[in-house]
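Trainee: sequence-free structure coming up:
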């Protein structure tokens, strides 16, 4: 509830500021102001209707409200940033008289040109941001351990924050599943926020059919995120995920092929979730311990509990600039790789996102973690994040490739 109140207050203030300054930039023609007002408030109303109604309405209407409302909100933020910059210049002119004569003589015309120019800049950002969202990257990290691994190495494919809904739908999921499977990981990790809020679109579109296509020799694992808690129907979401053959972990550990552990925490939205030390109390820590915890908070907890690798999402790396600056102030590790003592941490910016389908200054991604076993004589393990990123297409995987990557449930210890 606090989140929604914050969003409502913030965007009401931003909207008032942008709307008034936009009116001032237009010529004194009533028709122009009426058209501008209709466009402005239609976008704003679409956002708030989508926020409060969620996926409880017809899917086509929800998709339309999402496309209009979420796009308008991103545009609103960038219009506000540009207007603040222009108002600072105007304040400087009031003190130092820095405007050239042409602007002073054509002040109303100058405002109209700036209005058009700002609109063009925001439109360009939206187009580029949508292209970036629709073309997820593959980000790769190389991490080393002295613990034994099956075959000496383990390829982990990590995806988080898919946010399945009427907006990020089955068609999007098909692309994501294809992208994940093409990485040919030994194990797949889904680190929370698989669904956005309401399970209805997941069931109506039979998204479990696509989720069941995820494949890895040692299995596919998932945990909860904060968004599964928002709609009040999280058990229905969990049931659908589990019906896809995915191993769903809530404050539990799973021994895989007698070789390594996958530990999954319930999201910290559950204030009664178990302490990590309790979850890991009975596991053999001579084996590699791979931990998923959706929100990258209290990183020391994984270190003290003896996890070798923690994988998280949640932050979206701010989703679009300047959001990345905000999450950088909120989290010790908002994105990327960090090592504390013998524990490595990877935080992904997410494959899907919440709300607007734009990535500006951030990226949608699948993460590949190459966990490699060091020879015993080399001593302390090292971590080497490889800043390797490759552009990946999201075309649907061919039938032949699907057959080659069938799920080996027995290897996952199912």
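Mentor: Ah, there it is. These numbers come from a predicted model, not from an experiment.
Trainee: In this structure residue 227 contacts residue 198, no?
Mentor: No - counting by C-beta atoms under 8 Å, residue 227 sits too far from residue 198 to count as a contact (10.1 Å). For glycine as for every other residue, the C-beta is placed from the backbone atoms N, C-alpha and C.
Trainee: Mind checking what secondary structure residue 254 has?
Mentor: When the structure is reduced to helix, strand and coil (DSSP: H, G, I helix; E, B strand; the rest coil), residue 254 reads as strand.
Trainee: Name all residues that make contact with it.
Mentor: Remark: with contacts taken as C-beta atoms under 8 Å, 6 or more residues apart in numbering, residue 254 is in contact with 221, 247, 261, 262, 263, 264, 413.
Trainee: Each with direction, which strands does whatever helix or strand the fifth one lives in pair with?
Mentor: This points to residue 263. Assigned by DSSP states H and E, residue 263 belongs to strand 260-264. With DSSP bridges as the test, strand 260-264 is paired with strand 252-256 (antiparallel), strand 289-292 (parallel).
Trainee: show me where the protein has helices.
Mentor: Taking DSSP state H to define them, one finds helices in the chain at 2-25, 30-53, 59-96, 101-105, 107-134, 170-182, 200-204, 208-211, 227-230, 234-243, 276-279, 300-305, 323-330, 399-404.
Trainee: Tell me which of these sits most buried.
Mentor: Compared across those, helix 227-230 shows the largest average neighbour count, a mean of 22 (mean count of other C-beta atoms under 10 Å).
Trainee: chain center to stretch 41-59, what's the gap?
Mentor: Relative to its chain's centre, stretch 41-59 lies at 21 Å (C-alpha atoms, centre = their mean, to the nearest Å).
Trainee: Give the rounded mean pLDDT of it.
Mentor: Model confidence over stretch 41-59, given as mean pLDDT, is 88.
Trainee: Format the helices of the chain as CSV; extra columns: distance to residue 150.
Mentor: Listed next are these as CSV, based on distance: least, C-beta to C-beta, whole Å:
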stretch, distance to residue 150
helix 2-25, 42
helix 30-53, 46
helix 59-96, 43
helix 101-105, 69
helix 107-134, 36
helix 170-182, 20
helix 200-204, 33
helix 208-211, 25
helix 227-230, 31
helix 234-243, 25
helix 276-279, 23
helix 300-305, 22
helix 323-330, 35
helix 399-404, 20
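Trainee: And stretch 140-151, end to end?
Mentor: With C-alpha to C-alpha, to the nearest Å applied, stretch 140-151 spans 20 Å between its terminal residues.
Trainee: State the mean pLDDT of it.
Mentor: Taken as a whole, stretch 140-151 has a mean pLDDT of 96.
Trainee: Kindly report the same for stretch 101-117.
Mentor: Averaging pLDDT residue by residue across stretch 101-117 gives 94.
Trainee: now what about it, what contacts it?
Mentor: The list of residues contacting stretch 101-117 from outside it, by C-beta under 8 Å, 6+ apart, reads 22, 24, 25, 26, 27, 86.
Trainee: Just name the most buried of the strands paired with strand 260-264.
Mentor: In terms of average neighbour count - mean count of other C-beta under 10 Å - the standout among those is strand 289-292, at a mean of 26.
Trainee: quick one: contacts of that strand?
Mentor: 156, 187, 189, 191-192, 221, 223, 249, 260-265, 276, 280, 283, 302, 306-312.
Trainee: All good on my end, thank you.
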